[in-house]
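In: my questions are about this predicted structure, shown below with the sequence.
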Amino acid sequence: MAAILVLGAKVPYTRGGQEVLLSSLVRELKARGHLVDTVELPFTPLPKERLLTQAAMWRSLDLTEFAGQKVDLVIATKFPTYYAKHRRKSVWLVHQHRSLYDLYGSRYSDISDDPRDEALRRMLVDGDRQVLSECAFRSGISENVVRRLQNYNQLEAEVLYPPLPLAGKYRSGRFEPYVLSVGRICSIKRVDLMLKAMPMVHQFVKLKVVGTPDEPGIMEYFKNEIDKHHLWERVDFLGRVSDEDLIELYANAGVVYYAPHDEDYGYVTLEAMASGRPVVTASDSGGCLEFVVHDETGLVVAPTSDAMGHAVNRLVEDKDFAARLGAEGAKRIEQLEMSGQTAQEAWDALIARLLSPLSLVEGAARTDRDSSISQPSQAARA
Amino acid sequence: MRAAVVGDRGKHPSQRSRVDPKLTPKLGQQFGKLGWFSPLSDDSAGLHGWSPSAYTTKILAPFLVDHFQCTFFHERFTTPAWCEALTARGLQTQHFLTAGLHWSDFDLFLYQLEDHRRTAFSRMHLGVVPGVVWFHDFLLTDDGPEPILNSPWERTVKIAETVAAARAEPGSIIASQLPWAHPEDEFTRPRPYAVREAQIGGLPIFSSERDRDEYVRLNLGSLLGAESGRSVERSGLVPIPVDPGLFDGTVRGKGGGPRVVAWCGAPGMERRSAVIAEAFGRIAGSDAPTVKGIWMLTSESERALANDMLLEFGAQELVEIRVGKSYDDWIALLSQVDLALHLHFSAYGHTGPALALSLATGTPVVVSDFGESDYLPDGAVLKVQPGITEVGELFHILRTISDLPLSILGARARVIAQERHHAGVVAAQLRNLIAQHHAELSDMQSRWKEVERCAREALGQMIRGDGRSQRPWYEDHRSQWLDSAATELGWGESSWR
């Protein structure tokens, strides 16, 4: 048993994949008999210069020991949690602060060409490289995340896909005429692409949106679009729903839409596939493309409303085709759970990797002990 | 009706400063370490085949490495095979985001800009570290690419000017007194769109004479002239380069049989697609047409629109549509054609490398008597006047194509290309231009270090709270340990002072 701290950066009032990942990891670690707790600090990306202070706050934490209990390992997840200092630090990277990296220069980044912004960017990129280099074990939640780490920070890492949070509970139901969108509602998730596609989607098809907004003004923008296109009866914002309701919504969806810009991983894709639903995603949706294969498990189309609309119509017009893609997706999910292993076995393997710095130390300690035992005999021989 | 102007009204390239193409382009020792920003074409990935910047970079690269120690900064993490072939000669490629981290290792940055979002990363980085800016088809464009969001470039220019004015006392400037943008400020898109790039760049150079004249006329200035009232004299003309190997082929226009006329580009008013389609429609309606057309599109997605246009004018039987992946496909097509059309009509239109390639292969060309093409000598090309007579003039050329002195026009076209577009000549021109302004560019580089120092200090002030907030951050009980963490990460106060 090891005493482990899982580190999270929490944006108050929001819930997304990061929160699901953190709670799943803590649950699975505890289930394996470890002493586990979570350390979370509130995170805000604005104002951007405060990114430095938030990183420095994580750096300042003393995570060595609490109430006489030494901390054996910390597991960092996303920016800026990996700035925490500990002699044994693992990182299971969800993402870095992407505005400094892959989103730089795009409309999703608030880093401009102001020389102060450039100074800020350089300090954080240098800082990231320094503190991520310290990790005894580095991993990322997808190929996409690991590739970014290699490309932008020249650091190697392993891919450890997070098993599905509700593994074994997803089921396939009827193909009802609605498109399901799940996830935080913000510009980078591009729910608006689907919303604006609705006028060209068959009138009998609805759009159901699960998730809460986490960007100022975004719901007003959506409301305007709904008014503009007279979609009042065709779009439902369901907010946060229970696990049971989510499973039900997945099970009966005609299509699951998930097309964020360069997604890190995308639980939604996998949950939809596990529910036997076809997924419509975009050609620039990053991690989603590690699972969705065009015309096999879903449709991968250009990131435009036109393309999304046509893709959805194609699936609702041909239910057999949609069912075939869904069934193939479900089969892939079975394969993904490590060649027929159960999700629990997948967690076993994943946790073993995250905790590998402990075995290294134990191994080193054993070697030390072995060598200290052998020394007297050598001395005796002398 | 004037079918074509064949005379000596235009300005001959020999009237301009030029370098004899027979001169070896190698001008002695390397000039310095050059960071070169450009998208890179990659045949295997089907990328940037029609990008003027990517084409320029590819053609110029073997000559550049003679003059400069080059690093190509681009927006991808893989290196095209043609770049790898030059690594033995010192060429390196890197993702552009690494450039800012090591910018002081470079003597100079050069940015190529075009009217397409593929060069947005160059435009962005230009605001981060200024350098030479090579405008291909971007300056004064009417419908430019997306703006660089929230760019406080005008403030940055003012800051650079203030620093330039205080150059005698480096380190004397107090960062908080500089005109930094307020975090809440919003910056609108400048008009014309390339004003930002022209002013924030160090030394603007142009591949089009028309653009350079417009730049001078509008007195846009640049950072390089900051301390002397933004002198527009510090600018240059460096045409699009072409592969010298193109000059070896046979001059076109000598063949018999049905004549082949080709043009390239997406359907659209700027490229006069409807005019060409209508002229071919008239040919199709005449007795025994002796000419056929080949329209090379730049993407399969353009085909439907192009087909519709040909159908509308009844030209579908005479015009074959092909889709090219790159300028190389255009070059390959030119070996089959007797006449190339490079019509263009927009307020600030550009014909791009395709025209230079036609000229270099000795293909007789028809251009619009307007804008950039107007600068070509009349005796070497056929010109049609945009407007109500345009279709008629083009129809007349197509109908009488067999009577035209095509081989003479082809030979003259090639002479122009050799004088203007020979890659060795262009590389030498570029090198000479940079050498001519070397001292000022170096000075600008060193002044920029002072701008960066001030930026870092200003950032520190913002974090400490005295720059923007009423809640001083370092004045509470956390200050000591946070300061210690920041120092450990290299962000301590000393680093922004």
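Out: Looks like it arrived, so ask away.
In: what average pLDDT does the helix or strand hosting A:Glu225 get?
Out: In the assignment (DSSP states H and E), A:Glu225 maps to helix A:218-229. The average pLDDT within helix A:218-229 is 94.
In: contacts for it next, please.
Out: A:185-187, A:191-192, A:195-196, A:198-199, A:213, A:231-232, A:235, A:237 (C-beta atoms under 8 Å, 6 or more residues apart in numbering or on different chains). C-beta coordinates here come from the backbone N, C-alpha and C atoms, glycine included.
In: so which bits of that helix are buried?
Out: A:218, A:222, A:225-226, A:229 (16 or more other C-beta atoms under 10 Å in any protein chain shown).
In: show me the shaky parts of the stretch 51-200 of chain B.
Out: B:139-145, B:167-171, B:189-192 (pLDDT under 70).
In: who in it is up against chain A?
Out: Counting by C-beta under 8 Å from any C-beta of the partner chain, the positions of the stretch 51-200 of chain B adjacent to chain A are B:77, B:95, B:97, B:100-101, B:120-121, B:124-128, B:146, B:148-153, B:155-156, B:159, B:180-181, B:183.
In: any idea how far the residue lying closest to B:Ala340 once chain neighbours are set aside lies from B:Val381?
Out: In space, and not counting its chain neighbours, B:Ala340 is closest to B:Ser358: 4.0 Å by C-beta to C-beta, 6 or more residues apart in numbering or on different chains. Distance, B:Ser358 to B:Val381, using C-beta to C-beta, to the nearest Å: 10 Å.
In: neighbour count winner among these two?
Out: More crowded of B:Ser358 and B:Val381, by other C-beta atoms under 10 Å in any protein chain shown: B:Ser358, with 34 against 26.
In: tell me which helix or strand residue 276 sits in.
Out: Assuming you mean chain A. Under DSSP H and E, no helix or strand contains A:Gly276.
In: ah, no, chain B please
Out: helix B:273-285.
In: could I get that helix in CSV with only the CA atoms?
Out: The C-alpha trace of helix B:273-285 is given here as CSV (Å, rounded to 0.1, in the frame of the first residue of the first chain):
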residue,chain,number,x,y,z
SER,B,273,-12.6,32.6,-65.5
ALA,B,274,-15.9,33.7,-66.9
VAL,B,275,-14.1,35.9,-69.5
ILE,B,276,-12.0,32.9,-70.7
ALA,B,277,-15.0,30.6,-70.7
GLU,B,278,-17.0,33.0,-72.8
ALA,B,279,-14.2,33.5,-75.3
PHE,B,280,-13.9,29.7,-75.7
GLY,B,281,-17.7,29.6,-76.0
ARG,B,282,-17.5,31.9,-79.0
ILE,B,283,-14.7,29.8,-80.5
ALA,B,284,-16.8,26.7,-80.0
GLY,B,285,-19.6,28.4,-81.9
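In: what is it packed up against?
Out: Applying 3 or more C-beta pairs under 8 Å, 6 or more residues apart in numbering or on different chains; DSSP states H and E, we find helix B:273-285 packed against strand B:291-297, helix B:303-312, helix B:390-399.
In: so where do the helices sit in the stretch 201-350 of chain B?
Out: B:209-218, B:273-285, B:303-312, B:327-334 (DSSP state H, counting those that start in this stretch).
In: for the residue of the stretch 151-300 of chain A found nearest chain B, list the residues it contacts.
Out: The nearest approach of the stretch 151-300 of chain A to chain B comes at A:Asn151, 4.5 Å away (C-beta to the nearest C-beta). Applying C-beta under 8 Å, 6+ apart to A:Asn151 gives the contacts B:77, B:95.
In: buried ones in the helix or strand it falls within, by neighbour count?
Out: A:Asn151 belongs to helix A:143-153 when assigned by DSSP H and E. By 16+ other C-beta under 10 Å, the buried positions in helix A:143-153 come out as A:144-149, A:151-153.
In: dump these into JSON lines; add pLDDT as well.
Out: Compiled in JSON lines, the buried residues of helix A:143-153 are given as follows (pLDDT from 0 to 100):
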{"residue": "A:Asn144", "pLDDT": "92"}
{"residue": "A:Val145", "pLDDT": "95"}
{"residue": "A:Val146", "pLDDT": "96"}
{"residue": "A:Arg147", "pLDDT": "95"}
{"residue": "A:Arg148", "pLDDT": "94"}
{"residue": "A:Leu149", "pLDDT": "95"}
{"residue": "A:Asn151", "pLDDT": "93"}
{"residue": "A:Tyr152", "pLDDT": "94"}
{"residue": "A:Asn153", "pLDDT": "93"}
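In: who's in contact with B:Gly49?
Out: Taking C-beta under 8 Å, 6+ apart, one finds B:41, B:43, B:298, B:324-329 in contact with B:Gly49.
In: how about the strands in chain B?
Out: B:32-37, B:68-74, B:92-95, B:108-113, B:132-135, B:203-206, B:236-237, B:259-264, B:291-297, B:319-323, B:339-342, B:365-368, B:382-384 (DSSP state E).
In: which elements pack onto the fifth one?
Out: Helices and strands touching strand B:132-135, as assessed by 3+ C-beta pairs under 8 Å, 6+ apart, comprise strand B:108-113, helix B:195-200, strand B:203-206.
In: can you redo the ones you listed as a markdown table with mean neighbour count?
Out: Below are the helices and strands packed on strand B:132-135 laid out as a markdown table (neighbours: other C-beta atoms under 10 Å in any protein chain shown):
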| stretch | mean neighbour count |
| --- | --- |
| strand B:108-113 | 26 |
| helix B:195-200 | 24 |
| strand B:203-206 | 25 |
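In: dump the residue contacts of B:Ala315.
Out: Applying C-beta under 8 Å, 6+ apart, the residues near B:Ala315 are B:277-278, B:280-281, B:283-284, B:293.
In: neighbour-wise, which of those leads?
Out: Highest neighbour count within the contacts of B:Ala315: B:Phe280, with 27 neighbours (other C-beta under 10 Å).
In: apart from its chain neighbours, what residue comes closest to that residue?
Out: B:Ala315 (3.8 Å).
In: over to A:Met273?
Out: Per C-beta to C-beta, 6+ apart, closest to A:Met273 is A:Gly329, 3.3 Å.
In: can you check B:Asp43 too?
Out: B:Ser326 (7.0 Å).
In: and B:Val426, by the same measure?
Out: That would be B:Pro241: by C-beta to C-beta, 6+ apart, it lies 3.9 Å from B:Val426.
In: now do the residue of the stretch 51-200 of chain A found nearest chain B, the pLDDT please.
Out: Residue of the stretch 51-200 of chain A nearest chain B, by C-beta to the nearest C-beta: A:Asp113 (2.8 Å). pLDDT, A:Asp113: 91.
In: part of a helix, is it?
Out: No: if the criterion is DSSP: H, G, I helix; E, B strand; the rest coil, then A:Asp113 is coil and not within a helix.
In: ok, it touching B:Val157?
Out: No: the criterion here is C-beta atoms under 8 Å, and A:Asp113 misses it with B:Val157 at 11.8 Å.
In: ok, B:Leu430 to B:Leu237 distance?
Out: Taken as C-beta to C-beta, the span from B:Leu430 to B:Leu237 is 11 Å.
In: which one of these two is surrounded by more residues?
Out: B:Leu430 (24 against 17).
In: which residue is the nearest non-sequential neighbour of the more buried one?
Out: In space, not counting the residues next to it along the chain, B:Leu430 is nearest to B:Val238; the distance is 5.2 Å by C-beta to C-beta, 6+ apart.
In: likewise B:Leu126?
Out: Leaving aside its sequence neighbours, B:Leu126 sits nearest to B:Tyr111 (C-beta to C-beta, 6+ apart; 4.9 Å).
In: quickly list what the one you found is bridged to.
Out: Using DSSP bridges, the bridge partners assigned to B:Tyr111 are B:Phe37, B:Val133.
In: OK, contacts around it?
Out: B:Tyr111 neighbours (C-beta under 8 Å, 6+ apart): B:37, B:119, B:122-123, B:125-126, B:131-134, B:197, B:201.
In: just the strands in the stretch 251-382 of chain A please.
Out: A:253-257, A:279-282, A:298-301 (DSSP state E, counting those that start in this stretch).
In: measure B:Leu297 to chain A for me?
Out: Distance from B:Leu297 to chain A, counting by C-beta to the nearest C-beta, to the nearest Å: 18 Å.
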